[in-house]
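Peer 1: Predicted model follows, preceded by the sequence.
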Amino acid sequence: MTYVTRVLASALFAVSLVSGVASADTLADVKKRGHLICGVSTGLIGFSERAADGKWSGFDVDFCRALAAATLGGPDKVEFVPVSASERFTALSQKRFDVLARNTTWTLQREAEFGFLFAGVNFHDGQGFMVHRDTNITSALEIGDRTTCVQAGTSGEALAADFFRENKIPAKLKVLPDAPATLAAFARKECEVMTTDQSGLFAERLKLERPASAVVLADVISKEPLGPLTRADDVRWHMIVKWVNFALIGAEELGVTSQNISEARTSAKPDVRRLVGAEGELGSKLGLSDDWAAKAILAVGNYSELYERNVGTRSRLGIPRGLNQLWSNGGILHAPPIR
Amino acid sequence: MTRSHLFATSCLRAGLAGFAVLLSCLVAKAQGQSPTLDIGDEPGRVSTEEVVIEDGPFARQIVFFRSNEAPGTLVVHTSERLLYLVMPGNRALRYGIGVGREGFTWSGLVKVSRKAEWPDWTPPPEMIQRQPYLPRFMAGGPGNPMGARALYLGSTIYRIHGTNQPETIGHAVSSGCFRLANGDVIDLFTRVPVGAKVVIRHGPSI
């Protein structure tokens, strides 16, 4: 490529970038509207639940609140749109909401074919097993020739079959039409083992007459990285969603919490000061106020607070952090530096 | 009373007992966990060997746990209120704990130096100053706040022990070190020999 064509090409690229921003400016839309619109699950224990008084709560719901706090200054400036698994992608394409925060797995197809961008991972899920406590099974390798209940038509069916075959486990699979039937069969002890994603197992376990009679094994046999996603035509908005997620993770790593956020402004640590906007003027680079991250953390807490309150030790679910620990604590959660 | 108000009150009350105490309150606060449970020791209240945390997040369970520590090591995460016994294959046996004021004051690496069943209890002077109703000495038994078993840590005054207040598991509490429900500390006691490595970790502070 000659110098001239190279300059021309980069100029064209810059023009297309600018026009791209001009055609989709979600941040401007959100600010004009005065509230964020967030697509969430129609109801999933710990992730998105609507109380009788109409108030939403949960892990995904709180992420939306953090985003609303970072962009608009208030965690309650959100409208939640519940969507089913089958309608979620069409609804995102049709701009029925600004962001989809609905336990959705990051895959190639969903970016390259559907035209979305995942803003990162905020929950590493994966397929696991639940057993009756009295079987005394402590590892998936001990399942032996017992019967495993699984829901028809899910990826779980094939994954479980593959796992058993690879590990020469003579387990029998019993396929049930839907999630309630699968749990009912497990509760009636028609199967000693039940399989689906870990988050689902902990939620289903709560519906048992005696949750303590069942144990979710620590083994995870697939990867289901869940995270919020946006349309790919607005890179700045995508970046905002992405860095709100990173800010919450980074805050845990730095020890910044919803409780000490005002003290953090006077911290001597440069990383802490940059995160909370005491220096660096980083928020304005995203088109936000410089205390964007502080507002998000004040609203929902850092990642650890968000996790423990909704799905961890401070919740009914009690899902162990596992892979969702920070990278420095044996997990794989990691946020690039905020500077 | 709001959570923060409750916290402020208990911290203020604790603060009267001295700077070190206030400092430990600040540590607990910095970790953004539930506030210190405002409950004093209850010598004489009976808790038997059978009491375990049966269900919920603080029940004893095998979890995914990746660590560079060798199997058999105990890892205490004070901000999580959890204690891990490292197992092979990225696993740990996890117990819910209550973390007392003394438990927040120090972190590092020690070894289990001694084990005792139904340990006696001699509350240190600072504790008696805070809770003047406490006995000066109490023989081991089901009414003893030290609970059913104790693992003594190095040459320090710190220990992993049982409790006669199982409802304090999962919380920061006003005194003591690392406490487990009696049935759970008995389970741990049988698995951990003298000489086992113990790592105490706190969350980062700003």
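Peer 2: Perfect, thanks for sending it.
Peer 1: just for the stretch 51-200 of chain A, where's the confidence low?
Peer 2: Counting by pLDDT under 70, the stretch 51-200 of chain A contains no low-confidence range.
Peer 1: Just the closest residue of it to chain B, please.
Peer 2: For the stretch 51-200 of chain A, the nearest residue to chain B under the criterion CB to the nearest CB is A:Thr138, separated by 5.6 Å. C-betas here are computed from N, CA, C, even on glycine.
Peer 1: measure that residue to A:Leu323 for me?
Peer 2: When CB to CB, to the nearest Å is applied, the distance between A:Thr138 and A:Leu323 equals 19 Å.
Peer 1: which residue sits closest to residue 61 in space, ignoring its chain neighbours?
Peer 2: Here I'm looking at chain A. Computed as CB to CB, 6 or more residues apart in numbering or on different chains, the closest residue to A:Val61 that is not its neighbour in sequence is A:Ser48, at 5.0 Å.
Peer 1: you looked at the wrong chain, it should be chain B
Peer 2: In space, and not counting its chain neighbours, B:Gln61 is closest to B:Arg94: 5.6 Å by CB to CB, 6+ apart.
Peer 1: any idea which element the one you found lies in?
Peer 2: If you go by DSSP states H and E, B:Arg94 is part of strand B:91-96.
Peer 1: Pull the residues that contact that strand.
Peer 2: When contacts are defined by CB atoms under 8 Å, 6 or more residues apart in numbering or on different chains, strand B:91-96 is touched by residues A:218, A:313, A:320, B:53, B:57-65, B:67, B:75, B:81-87, B:169-170, B:180-181, B:184, B:187-188, B:191.
Peer 1: following that strand, which helix or strand comes up?
Peer 2: Counting by DSSP H and E, what follows strand B:91-96 is strand B:98-99.
Peer 1: Quick one: residues in contact with that following strand.
Peer 2: The contact list for strand B:98-99, computed with CB under 8 Å, 6+ apart, reads B:28, B:37, B:78, B:81, B:163, B:165, B:168-173, B:176-180.
Peer 1: Tell me which of those residues fall in strands.
Peer 2: When the contacts of strand B:98-99 are checked against strands (DSSP state E), the matches are B:Phe178, B:Arg179.
Peer 1: Tell me the residues on the stretch 51-200 of chain A that lie near chain B, please.
Peer 2: In this structure, the stretch 51-200 of chain A approaches chain B at residues A:Thr138, judged by CB under 8 Å from any CB of the partner chain.
Peer 1: Where do the strands of the stretch 51-200 of chain A begin and end?
Peer 2: Counting by DSSP state E, counting those that start in this stretch, the segments of the stretch 51-200 of chain A that form strands are A:56-57, A:78-83, A:99-100, A:116-118, A:123-125, A:127-132, A:147-151, A:172-176, A:193-197.
Peer 1: Reformat those strands into a markdown table and put mean neighbour count next to each item.
Peer 2: Conversion of these to a markdown table gives the following (neighbours: other CB atoms under 10 Å in any protein chain shown):
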| stretch | mean neighbour count |
| --- | --- |
| strand A:56-57 | 18 |
| strand A:78-83 | 18 |
| strand A:99-100 | 28 |
| strand A:116-118 | 22 |
| strand A:123-125 | 22 |
| strand A:127-132 | 24 |
| strand A:147-151 | 23 |
| strand A:172-176 | 15 |
| strand A:193-197 | 26 |
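Peer 1: Switch those over to CSV; also include distance to B:Ala148.
Peer 2: Formatted as CSV, those follow (distance: least, CB to CB, whole Å):
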stretch, distance to B:Ala148
strand A:56-57, 39
strand A:78-83, 48
strand A:99-100, 51
strand A:116-118, 50
strand A:123-125, 37
strand A:127-132, 29
strand A:147-151, 38
strand A:172-176, 43
strand A:193-197, 34
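Peer 1: can you give me the strands for chain B?
Peer 2: Along chain B, the segments classed as strands by DSSP E run B:61-64, B:74-77, B:82-87, B:91-96, B:98-99, B:108-117, B:149-153, B:159-161, B:178-179, B:197-201.
Peer 1: List the strands paired with the first one, with their directions.
Peer 2: In other words, strand B:61-64. When pairs are called by DSSP bridges, strand B:61-64 turns out to pair with strand B:91-96 (antiparallel).
Peer 1: touching chain B at all, stretch A:292-311?
Peer 2: Yes - between stretch A:292-311 and chain B, judged by CB under 8 Å from any CB, the touching residues are A:Gly301, A:Asn302, A:Ser304, A:Glu305, A:Glu308.
Peer 1: okay but the second one is in contact with A:Ser258, surely?
Peer 2: In other words, A:Asn302. Yes - using CB atoms under 8 Å, A:Asn302 makes contact with A:Ser258 at a distance of 7.3 Å.
Peer 1: Pick out whichever of those two has more residues nearby.
Peer 2: Between A:Asn302 and A:Ser258, counted using other CB atoms under 10 Å in any protein chain shown, A:Asn302 has the larger neighbour count: 28 against 17.
Peer 1: where does the residue nearest to that one when sequence neighbours are not counted land in three-state SS?
Peer 2: Spatial nearest neighbour of A:Asn302, excluding adjacent residues (CB to CB, 6+ apart): A:Ala251 at 3.6 Å. With DSSP: H, G, I helix; E, B strand; the rest coil as the basis, the three-state label of A:Ala251 is helix.
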